[in-house]
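# Sequence isn't available, so here's the structure alone:
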């Protein structure tokens with residue numbers, strides 16, 4: 001099925017994935033594991049945190065538009081096949097005719113990603129078939145593996161139309177700490193450590209690199225509880241707060257009404 005979806009147009013993808021999930025409303029579930037986690041930029045019906053198995057998240061994809069330039073590309077996340085690992089993120093339920101073309105343009109046309117199907121395991125509830133976007137060495141923006149220190153250096157010195165590359169990584173690291181404090185993602189956190197070390201030795205304040213935060217999601221529990229994402233480069237949490245975070249598994253997100261637009265993330 002993963003090979004089939006790449007040859008379908010937008011509407012056919014929606015209909016196929018809806019039939020897999022048994023939906024009569026042609027809802028599509030999309031898995032976000034990078035900036036979609038904290039700034040999706042499109043309207044959605046539901047958002048559920050969880051993981052997909054059989055992948056690792058790596059900062060091996062170049063970006064010459066949103067978080068870098070052609071002369072100095074940034075690095076953004078992609079997935080690689082890895083039977084021993086899982087990747088944590090958010091599954092979004094989207095409906096209507098606009099969300100998928102928006103994502104196709106953002107992720108495939110501009111970002112160089114291909115589409116795949118995967119099984120998403122929410123923290124609570126039944127597994128779902130999701131559409132995910134994955135970059136491969138076949139695309140012209142591919143940068144590939146490198147030492148964490150070198151990846152951190154590239155990220156630390158790159159920025160694009162959407163802001164600094166540091167914001168992309170640090171907000172993702174904070175998302176992981178906030179929602180999955182016990183999950184392992186050594187690649188992500190090792191790069192973050194190197195970035196913070198670079199900032200320290202170069203005497204650079206990270207906060208201005210994080211942008212205004214406009215458009216970032218506020219997650220809310222069904223009973224009305226809500227909280228903003230953690231402050232940039234926030235470090236560990238005490239046990240009481242970790243226990244509180246365990247209840248924020250399924251949520252709605254407060255996004256602006258004009259959210260179906262390309263935010264160039």
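Alright, I've got the coordinates. Treat the numbers as computed from the prediction; the structure is a model and nothing was measured. Numbering: from 1, shown residues only.
# Contact partners for residue 146?
residue 154 (Cβ atoms under 8 Å, 6 or more residues apart in numbering). For glycine as for every other residue, the C-beta is placed from the backbone atoms N, C-alpha and C.
# Residue 182 versus that one, what's the distance?
Counting by Cβ to Cβ, to the nearest Å, the gap from residue 146 to residue 182 is 28 Å.
# try residue 44
Separation of residue 44 from residue 182 (Cβ to Cβ): 26 Å.
# okay, these two: which has more neighbours?
Taking neighbours as other Cβ atoms under 10 Å, residue 44 and residue 182 compare with residue 44 leading, 25 against 7.
# From residue 30, how far off is the more buried one?
Here the criterion is Cβ to Cβ. By it, residue 44 lies 8 Å from residue 30.
# And the closest residue to residue 163 other than its chain neighbours, its phi and psi?
The shortest distance from residue 163 to any residue that is not its chain neighbour, by Cβ to Cβ, 6 or more residues apart in numbering, is 4.4 Å, and that residue is residue 211. When read as degrees, to the nearest 10, the backbone of residue 211 gives phi 70, psi -170.
# Was I right to think residue 211 contacts residue 167?
Yes - with contact taken as Cβ atoms under 8 Å, residue 211 and residue 167 are classed as touching, separated by 5.2 Å.
# Counting neighbours, go ahead and name the busier of those two.
Counted by other Cβ under 10 Å, residue 211 and residue 167 do not tie: residue 167 has more neighbours, with 25 against 19.
# what kind of secondary structure is that one in?
Local secondary structure at residue 167 is given as helix here, using DSSP: H, G, I helix; E, B strand; the rest coil.
# what's the pLDDT at the closest residue to residue 38 other than its chain neighbours?
Using Cβ to Cβ, 6+ apart and skipping the chain neighbours, the partner closest in space to residue 38 is residue 171 (4.8 Å). In this prediction, residue 171 carries a pLDDT score of 95.
# same check, this time on residue 139
We note a pLDDT of 89 for residue 139 in this prediction.
# Could you check how far it is from residue 63?
11 Å.
# more crowded one of those two?
Comparing residue 139 with residue 63 by other Cβ under 10 Å, the one with more neighbours is residue 63, at 25 against 15.
# can you tell me which residues contact the more buried one?
In this structure, residue 63 makes contact with 73-76, 111, 141, 160, 165, judged by Cβ under 8 Å, 6+ apart.
# Pairing partners for it in the sheet, please.
Beta bridges link residue 63 to residue 74 when assigned by DSSP bridges.
# Next one: it from residue 88, what distance?
In this view, residue 63 and residue 88 are 21 Å apart by Cβ to Cβ.
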